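Colleague: how does the following fold in three dimensions:
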Amino acid sequence: MLAVRLRACYSSVPMERKARENLQAAALLARADDPFPNASASRAYYAVYLAAWEHLVSQGEGVPATRDGRRYFRHDTLPGLLGGVLSDTERADLEYLRGLRVSADYREDELVRSQAAEAAEIADRLVARILDAEGREAIH
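Modeller: Residues are numbered from 1 along each chain as shown. Reported below is the predicted structural model:
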């Protein structure tokens, strides 16, 4: 029953709103007196990922399905899908954020406050760029 309710909630929340929420969380986690740099970097990446999801779907791009029926955009192919929206430098920034997210979520080394702050700044810029491509208000 809980899975059905979660699935219903998931499908009814626009990815743009989730992107903005993750962007705010990344900034707050990076600026805290006792910061959470790993969580911040992860949220920064996912803010961009979710903004990209919103953009791609609004452009008619279908969300790919995996063999087990889950639907998502693969992280390794996402920069290529945004070639018409992001510059080469911005796509490299997205790859950098993905690398930080992988380090934050799966590696033993800890990220530091400066990396989290940089990730939040990059994410703010990329989310604004992606959503601006849709004519939406920029995030600041």
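
Colleague: okay but residue 78 is in contact with residue 97, surely?
Modeller: No: applying C-beta atoms under 8 Å, one finds residue 78 not in contact with residue 97, separated by 10.4 Å. For every residue, glycine as well, the C-beta is placed using N, CA and C.

Colleague: neighbour count winner among the two?
Modeller: More crowded of residue 78 and residue 97, by other C-beta atoms under 10 Å: residue 97, with 25 against 20.

Colleague: which parts of stretch 35-45 are buried?
Modeller: Across stretch 35-45, burial judged by 16 or more other C-beta atoms under 10 Å covers 35, 36, 37, 38, 39, 40, 41, 42, 43, 44, 45.

Colleague: and if you look at stretch 54-66?
Modeller: 54, 55, 56.

Colleague: now do residue 67, the pLDDT please.
Modeller: Residue 67 is assigned a predicted lDDT (pLDDT) of 89.

Colleague: does it sit in a helix, a strand or a coil?
Modeller: Under DSSP: H, G, I helix; E, B strand; the rest coil, the three-state class of residue 67 is coil.
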